[in-house]
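Visitor: Build the 3D model from these lines:
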Amino acid sequence: AQDNFGNCIRINGDYVIVEHLYFHNTAMYVDGNYYSSDGGWIVWEMGAINIARGSDYCIIRNNEFYDCVAGIRSRGKFANIQYNYIHDCNRPMKQWNWGPLGIWMGQDFQTCTGNTIVNMQVVDSDPSHFANGVGGGAFEIDDGRYNKYNIVLTDNFTRGNCGFLEAVFDDVTPAPLYKDWKIKFNVSDDYQAFVKLRFAQNCAVDNNTVLRRKINSNELGVFLLKGNGTANKFRNNIIMTKYNVEVFNVVGSYTPGSIIQNNHYYAVGTLVMGNEGPGASPTYGDAKFANITGTNAIDFSILATSPAKNTGLNLGYSYDFSGYPLYYGSAPDRGAFEYHP
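Guide: Alright, predicted model coming up:
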């Protein structure tokens, strides 16, 4: 029936709060005689929680989503999505060309804080199903009918997903203006890519701890970049790679003009930097994580001996991933965690 898109809750109003609920085993998309609520792709009606366009200032917090093909789909401005646990879905959202997604945004002025997203990835070897055999991801931004300003992803932990963030540029209508996003103090231990920024402009990718030590059949590097003169900033990040994963993968013959400063690069094997180069004031070598074999975000905080300690830029931020104040030492640290004894 219409509106049966794996939804548990559909929000059609401002200032709605959804908290402390458990969602599980939602249905995947099945072709049928449906229509879209706002004229877009029908698949955008998916989501265990679906915030309709025009439903602004909603808060989704402290919920758990298990085996949901689309956790949260938000098309409302000023949504605040915080401290949700979204995990373990290896089923397609739409058979066969869309993998499971944790948090899925189709509007600007949205903030995602402190969410944990784990194992949102489907693998299928049939080439007629998924491009390169895999699909899914932690965060996705799409719907080219609308510009996307001021999206903030901060203090999130993601592990085992098919990418941290994908920005889809060309869907119903091409060439939206993607601008002024902040992607900061996140910890990512995922496959495929950390961020895929297609034509996004003036975005700040700061103080993230990124481990690209897992590969699948659709490897895209750490940062996949597309566009000329986009001037995105990549500062104070710790980037660990393995299996020759490329750090800056610039698609085609574009010249992004990225601003790259004070990143720490840690390669197990060969460091493959890519077209953009390491930028200003790089550091290299073992980042000295607290527990490199761990599976929790705090395992990737740094020890006192880390070369990332006291070598970051002052970017005007106040707190790290754990909520500790920055500037424990002479300068902020690189990565998502400020060292504290």
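Visitor: rest of the way, CA atoms for contacts and neighbours
Guide: OK.
Visitor: any idea which helix or strand of this protein has the worst average confidence?
Guide: Here the helix or strand of the chain ranked lowest by mean pLDDT, DSSP states H and E is strand 134-135, holding a mean of 90.
Visitor: Paired strands for that one, with orientation please.
Guide: strand 122-123 (antiparallel) (DSSP bridges).
Visitor: what does the average pLDDT come to for the partner strand?
Guide: On average, the pLDDT along strand 122-123 is 92.
Visitor: now stretch 32-43
Guide: Rounded mean pLDDT across stretch 32-43 is 85.
Visitor: now swap in stretch 101-116 and tell me
Guide: pLDDT averaged over stretch 101-116 gives 97.
Visitor: coming back round to it: which element follows the least confident helix or strand of the chain toward the C-terminus?
Guide: strand 137-141 (DSSP states H and E).
Visitor: which other helices and strands contact whatever helix or strand comes next after that next one?
Guide: Scanning forward in sequence from strand 137-141 by DSSP H and E, the next helix or strand is strand 148-149. If you count contacts as 3 or more Cα pairs under 8 Å, 6 or more residues apart in numbering; DSSP states H and E, strand 148-149 packs onto strand 178-179.
Visitor: And the next helix or strand past the strand it packs on?
Guide: Once the chain leaves strand 178-179, the next helix or strand it forms, by DSSP H and E, is strand 182-184.
Visitor: Paired strands for that next one, with orientation please.
Guide: strand 152-154 (parallel), strand 204-206 (parallel).
Visitor: follow-up on the earlier one: pull the distance from the least confident helix or strand of the chain to the chain's centre.
Guide: Mean C-alpha position of strand 134-135 versus that of the full chain (Cα atoms, centre = their mean, to the nearest Å) differs by 15 Å.
Visitor: What is the distance between the helix or strand containing V210 and the centre of its chain?
Guide: Per DSSP H and E, V210 falls inside strand 209-212. On the basis of Cα atoms, centre = their mean, strand 209-212 sits 12 Å off its chain's mean C-alpha point.
Visitor: got a list of contacts for it?
Guide: With contacts defined as Cα atoms under 8 Å, 6 or more residues apart in numbering, strand 209-212 is touched by 185-194, 222, 237-242, 245, 300, 335-336.
Visitor: so which of the strands paired with strand 182-184 comes closest to V250?
Guide: The closest of the strands paired with strand 182-184 to V250 is strand 204-206. By Cα to Cα, the value is 16.0 Å.
Visitor: Tell me which of the strands paired with strand 182-184 sits nearest to Y327.
Guide: strand 204-206 (15.6 Å).
Visitor: Can you list the neighbours in contact with that closest one?
Guide: Counting by Cα under 8 Å, 6+ apart, 180-185, 232-237, 335 sit against strand 204-206.
Visitor: Dump these to TSV, plus pLDDT, distance to G160 and neighbour count.
Guide: Shown next, in TSV, are the contacts of strand 204-206 (pLDDT from 0 to 100; distance: Cα to Cα, whole Å; neighbours: other Cα atoms under 10 Å):
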residue	pLDDT	distance to G160	neighbour count
D180	97	27	17
W181	98	24	23
K182	98	22	19
I183	98	19	22
K184	98	19	26
F185	98	18	30
N232	98	26	23
K233	98	25	18
F234	98	23	22
R235	98	24	26
N236	98	23	31
N237	98	20	28
G335	98	19	32
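Visitor: Over to the closest residue to A267 other than its chain neighbours. Which of the three states is it?
Guide: In space, and not counting its chain neighbours, A267 is closest to T241: 4.8 Å by Cα to Cα, 6 or more residues apart in numbering. Of the three states, T241 takes strand under DSSP: H, G, I helix; E, B strand; the rest coil.
Visitor: low-scoring stretches of the stretch 1-150 of the chain, by residue?
Guide: The stretch 1-150 of the chain contains residues with pLDDT under 70 at 1-4, 127, 131.
Visitor: Make sure the residue nearest to A267 is actually in contact with Y284.
Guide: No - between T241 and Y284 there is no contact under Cα atoms under 8 Å: 11.7 Å.
Visitor: Now do the shared contacts for these two.
Guide: Y265, Y266.
Visitor: More neighbours: which of the two?
Guide: Per other Cα atoms under 10 Å, whichever of T241 and Y284 has more neighbours is T241, with 23 against 16.
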